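Undergrad: Return atomic coordinates for the entry below.
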Amino acid sequence: MHGDSSIAGVPVTEGHFARRALLSRPLALRSAMLLGAVASAWVASSFASPLAPAGVEPALVKLLRGMALIKALIAMTALGLAFWRFGRPLSLQTAIACVAGVWSLVVATVLIWQLKDILIAAGIFHLALFALLVIAWRDVLPRRV
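TA: Residues are numbered from 1 along each chain as shown. Here you go, the predicted model:
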């Protein structure tokens, strides 16, 4: 069969090597996550004006923007932890879930700052945060030899 071989008796396919090559490059994963986070923030911010909608109480705007700043701190912490995690071998599913989770946190935070679809943005933020916590809980670091 073309592309099939074995290493120490364990069958390995070309797809296995391609997937492993992607995940063994922390710079590529980290770059994709950072560039995607910046792009997510830019796209989300282009949907609404940074000015508060007319008729909204100034105290409510301050409260919601304060919450958005707290959520931004949480998103930056998640980004930093994922950045650190990408320095070690991980599965393709874990990498995709981490990147998507961080991007979702960024988008939701920007939408809350913009006072745009706050209920939906809060739902996205908390769902992404919960997903990242489950990923971290289920993730197994390989043992160092």
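
Undergrad: Packing partners of the helix or strand that contains residue 76?
TA: Counting by DSSP states H and E, the element that carries residue 76 is helix 58-85. Identification of packing neighbours for helix 58-85 by 3 or more CB pairs under 8 Å, 6 or more residues apart in numbering; DSSP states H and E yields helix 26-45, helix 92-113, helix 118-138. Glycine gets a C-beta too; all of them are placed from N, C-alpha and C.

Undergrad: to the chain's geometric centre, what's the distance from the longest one?
TA: The gap between the average C-alpha position of helix 92-113 and the chain average comes to 3 Å, counting by CA atoms, centre = their mean, to the nearest Å.

Undergrad: the inter-axis angle of that helix versus helix 58-85?
TA: Counting by axes from the mean of the first three to the mean of the last three CA atoms, to 10 degrees, helix 92-113 points 160 degrees away from the direction of helix 58-85.

Undergrad: in this structure, which residue is closest to the centre?
TA: Relative to the mean C-alpha position of the chain, the nearest C-alpha, by CA atoms, centre = their mean, is the one of residue 102, at 1.8 Å.

Undergrad: pretty sure that one contacts residue 82?
TA: Yes. In this structure, residue 102 sits in contact with residue 82. The criterion is CB atoms under 8 Å, and the distance is 5.5 Å.

Undergrad: what's the overlap in contacts for these two?
TA: Residues touching both residue 102 and residue 82 comprise 33, 132, with contact defined as CB atoms under 8 Å, 6 or more residues apart in numbering.

Undergrad: Mean neighbour count, the helices and strands packed on helix 58-85: which tops it?
TA: Neighbour counts averaged per stretch over those are highest for helix 92-113, at a mean of 21; criterion: mean count of other CB atoms under 10 Å.

Undergrad: Since that was my last question, I'll sign off now.
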